[in-house]
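Visitor: Below are the sequence and a predicted model for it; my questions follow.
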Amino acid sequence: SGSIEAQWSFLGDVSALQHARLAAGASGEVRVVRVRVGDYVKRGDLLVEVDPSLAAARVRAASASKQAGSAQFERAQRDAERLSVAGPDIAAGAEIEQATSERKRAAAERGRLKAAEAEARAQLGRHRVTAPFDGVVATRRVDPGDWVDPGVEVIELIDDRDVEVLASVPPEVARFLSVGDKASFGRGGETTVATIRGIVPALDAESRTVRVRLVPDEPTAWLLPGAAVDVLLTVNRSEEGALVVPRDALVYGIASLKVVKSVDGKAE
């Protein structure tokens, strides 16, 4: 009697912690593709640029409109202040009220034009596809001269430095696991230590298993995204009244399970 320790082995799938399929946010002709498959890139590096001529023209037009709106607001501001200082003794009340309303209208128009310029600049930025993180180019799907539409994948980027492993574990085993427990990965005679970082508290609809996420304790060269590895889990059970018995002592019946024990040299 006492605690029971059992080791279980399950198949796990290695995947990158960061994996992105990048697309342009605007339609147009591809002007520049600066990377090829296997290239390492840094966060913020330009990968693909779609012809921004039309968007750039819209930015210039929006900027000019914003400047005109600002000038109109400043003029309305000066008129309103001048009439306000003059007072009703010099300027008619209706004229003062009209100048105040014109100032408010010009202020609203200036705000609208600022927003229009910001929107135009955001549209211009969508013509550039940049790296969201450090990684390696896994797939290049366009070349200069190709036409792309918004949402069409152009580059696949993978961060191969940090990986995780997902394993499907039966619920009767998962209930003895906790986040922070140690485990190990094995593949081709090599092993490395890992830690459980997440446990999904629900059963998969198809396999009726619990998904467990594990992360290696240190970088391991043979843990490549897309590979399959053996996940070795050690389960410790210390339930009160637990007994360890030989498997051959179990008799499976239709209605119940019986245990055969030796009493005075006889089986009961």
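Guide: Nice, I can see it.
Visitor: quick one: low-confidence parts of the stretch 51-200 of the chain?
Guide: The model of the stretch 51-200 of the chain has pLDDT under 70 over residues 55, 83-97.
Visitor: What strands flank the one helix or strand residue 229 maps to, and is each parallel or antiparallel?
Guide: Element membership for residue 229 (DSSP states H and E) is strand 228-237. In the sheet, strand 228-237 lines up against strand 4-23 (antiparallel), strand 182-187 (antiparallel) (DSSP bridges).
Visitor: on contacts alone, who are the packing partners of the helix or strand that comes right after it?
Guide: Going down the chain from strand 228-237, the next helix or strand is strand 250-252, by DSSP H and E. Helices and strands touching strand 250-252, by 3 or more C-beta pairs under 8 Å, 6 or more residues apart in numbering; DSSP states H and E, are strand 257-259. Yep, even glycine has a C-beta here, placed from its N, CA and C like the rest.
Visitor: Quick check: next helix or strand after the strand it packs on?
Guide: strand 262-263.
Visitor: tell me the mean pLDDT for that following strand?
Guide: For strand 262-263, mean pLDDT is 90.
Visitor: in its sheet, what does the helix or strand that it is followed by sit against?
Guide: Counting by DSSP H and E, the next helix or strand C-terminal to strand 262-263 is strand 266-267. Strand pairing for strand 266-267, using DSSP bridges, gives strand 262-263 (antiparallel).
Visitor: Contacts for the strand it pairs with next, please.
Guide: Here strand 262-263 makes contact (C-beta atoms under 8 Å, 6 or more residues apart in numbering) with residue 268.
Visitor: picking that back up, using JSON lines, lay out the strands paired with strand 228-237 together with distance to residue 153 and mean neighbour count.
Guide: JSON lines is the format used below for those (distance: least, C-beta to C-beta, whole Å; neighbours: other C-beta atoms under 10 Å):
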{"stretch": "strand 4-23", "distance to residue 153": "5", "mean neighbour count": "15"}
{"stretch": "strand 182-187", "distance to residue 153": "30", "mean neighbour count": "18"}
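Visitor: averaging pLDDT over each of the ones you listed, which comes out lowest?
Guide: strand 4-23 (a mean of 91).
Visitor: roughly how far is that one from the heart of the chain?
Guide: Mean C-alpha position of strand 4-23 versus that of the full chain (C-alpha atoms, centre = their mean, to the nearest Å) differs by 16 Å.
Visitor: Following element in sequence after it, please.
Guide: Counting by DSSP H and E, the element after strand 4-23 in chain order, helix or strand, is strand 28-33.
Visitor: strands paired with that next one, and their directions?
Guide: strand 46-50 (antiparallel), strand 147-148 (antiparallel).
Visitor: still on that earlier bit, flag every buried residue along the strand holding residue 229.
Guide: For strand 228-237, the neighbour count (16 or more other C-beta atoms under 10 Å) marks 229, 231-233, 235 as buried.
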